[in-house]
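S.K.: The amino acid sequence is not available; the structure is as follows:
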């Protein structure tokens, strides 16, 4: 089995509900039935393999052609980092985006009563389609890969073109000083989840506040827009739903886009990076061309200053280090969402060192 096949197998599909994420399924169904349609007959529940943050479950009701499918996302049990796992914000943003040019799963119901399953959760429609866990898209023709990447680019540009106030999200984030606040936030998250000293991360915490580029316009930012966080049509290069809005807020879209572009700067650990890939042969655009197409779609005439772009990348690498530390901390506590959490958490140190090396190219 190749690393690509291994990643696709490890993160695709469902499994029985993990013991650390088990809940009273009868209590859940009793709570849901008066609040949403489609839960007639026996309801079967399984847990999705993918995801490292909020445990996610498939609910299947009925049989055969009449089967209805829904997805439940919940906060993990146990002690959590401040402001993390905000499923209520996920529910709010997909509710606001429904009907816009940004495709999302139809939201159904939000529950913030811990008496039901022990933590906040929401339910949305299940969207049938393809999720790609390997950025190199093995097994596809070059034209197919090009179309997949172009569609991913298009949908992100659509998100960043939206006026938050026009869809009721004017107060979805604090105004101004987005990157400074993000650096502060992820420094706090990193410190709260710190499992071992990482000198490069300490250096970044000192360096980043001194290198903040001029602030751009405020738009809805996804926070974790990656190839494996979108569902593609089963046969067409068309996104049917953007997933995992836990980190979404209002902020500078270029910072959000730079996070998305980390794939071009990462090794193919678990299939998530493109370093070492022959992009031209694969039909995948290089980062510069991909960025230019995004800017055109957003109506931006001026290119991004390369120095600013490097700072955006350094910040997002540090932010990812904070996320990985959180995964490692949950693995240490025994309430991680994915079986590979320990392995994933170990990526924090090399990523911090990579980010610090990139930062030093600017002095």
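M.R.: Now that the structure is in, tell me what you want to look at. Not measured: the values here are computed from a predicted model.
S.K.: which residues of the stretch 51-200 of the chain fall in strands?
M.R.: Assigned by DSSP state E, counting those that start in this stretch, the strands in the stretch 51-200 of the chain fall at 56-61, 68-74, 107-111, 121-125.
S.K.: where's the longest one relative to the chain centroid, distance-wise?
M.R.: Which is strand 68-74. Put simply, strand 68-74 sits 17 Å off its chain's centre (Cα atoms, centre = their mean, to the nearest Å).
S.K.: got it, and the first one?
M.R.: Relative to its chain's centre, strand 56-61 lies at 20 Å (Cα atoms, centre = their mean).
S.K.: Sheet partners, orientation included, of it?
M.R.: Sheet pairing of strand 56-61 (DSSP bridges) gives strand 43-48 (antiparallel), strand 68-74 (antiparallel).
S.K.: so which of the ones you listed gets nearest residue 125?
M.R.: Closest to residue 125 of the strands paired with strand 56-61, according to Cβ to Cβ: strand 68-74, at 6.2 Å. For the C-beta atoms, the positions are set from N, CA and C on the backbone; glycine is no exception.
S.K.: Could you tell me the angle between that closest one and strand 107-111?
M.R.: 40 degrees (axes from the mean of the first three to the mean of the last three Cα atoms, to 10 degrees).
S.K.: could you give the angle of strand 68-74 to strand 121-125?
M.R.: Going by the same axes, to 10 degrees, strand 68-74 is angled at 150 degrees with respect to strand 121-125.
S.K.: List the buried residues in strand 68-74.
M.R.: Of all the residues in strand 68-74, those buried under the rule 16 or more other Cβ atoms under 10 Å are 68, 70, 71, 72, 73, 74.
S.K.: Leaving out chain neighbours, which residue sits closest to the first one?
M.R.: In this structure, residue 68 finds its nearest non-sequential neighbour in residue 38, 4.0 Å apart by Cβ to Cβ, 6 or more residues apart in numbering.
S.K.: ok, residue 161 touching residue 299?
M.R.: Yes. Taking contacts as Cβ atoms under 8 Å, residue 161 lies within contact range of residue 299: 7.5 Å.
S.K.: Just tell me which of the strands of the stretch 51-200 of the chain ends up closest to residue 353.
M.R.: strand 56-61 (31.3 Å).
S.K.: any idea of the mean pLDDT in the closest one?
M.R.: Mean per-residue pLDDT for strand 56-61: 95.
S.K.: got it, and stretch 201-220?
M.R.: Mean per-residue pLDDT for stretch 201-220: 96.
S.K.: what does stretch 140-153 give?
M.R.: Stretch 140-153 comes out at a mean pLDDT of 98.
S.K.: Just send the buried residues of strand 68-74 back as JSON lines, with distance to residue 286 and pLDDT too.
M.R.: Output for those, formatted as JSON lines (distance: Cβ to Cβ, whole Å; pLDDT from 0 to 100):
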{"residue": "68", "distance to residue 286": "43", "pLDDT": "95"}
{"residue": "70", "distance to residue 286": "40", "pLDDT": "97"}
{"residue": "71", "distance to residue 286": "35", "pLDDT": "97"}
{"residue": "72", "distance to residue 286": "39", "pLDDT": "96"}
{"residue": "73", "distance to residue 286": "34", "pLDDT": "95"}
{"residue": "74", "distance to residue 286": "39", "pLDDT": "93"}
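S.K.: now, which of these sits nearest residue 134?
M.R.: Closest to residue 134 out of the buried residues of strand 68-74 is residue 71 (22.5 Å), distances taken as Cβ to Cβ.
S.K.: and that closest one, what is it in contact with?
M.R.: Each residue near residue 71 by Cβ atoms under 8 Å, 6 or more residues apart in numbering is listed here: 48, 56, 57, 58, 59, 105, 123, 124, 125, 126.
S.K.: go on, residue 142?
M.R.: Listed by Cβ under 8 Å, 6+ apart, the contact set of residue 142 reads 281, 282, 283.
S.K.: before we move on, back to that, format the buried residues of strand 68-74 as JSON lines; extra columns: distance to residue 140.
M.R.: Output for the buried residues of strand 68-74, formatted as JSON lines (distance: Cβ to Cβ, whole Å):
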{"residue": "68", "distance to residue 140": "31"}
{"residue": "70", "distance to residue 140": "30"}
{"residue": "71", "distance to residue 140": "26"}
{"residue": "72", "distance to residue 140": "31"}
{"residue": "73", "distance to residue 140": "29"}
{"residue": "74", "distance to residue 140": "34"}
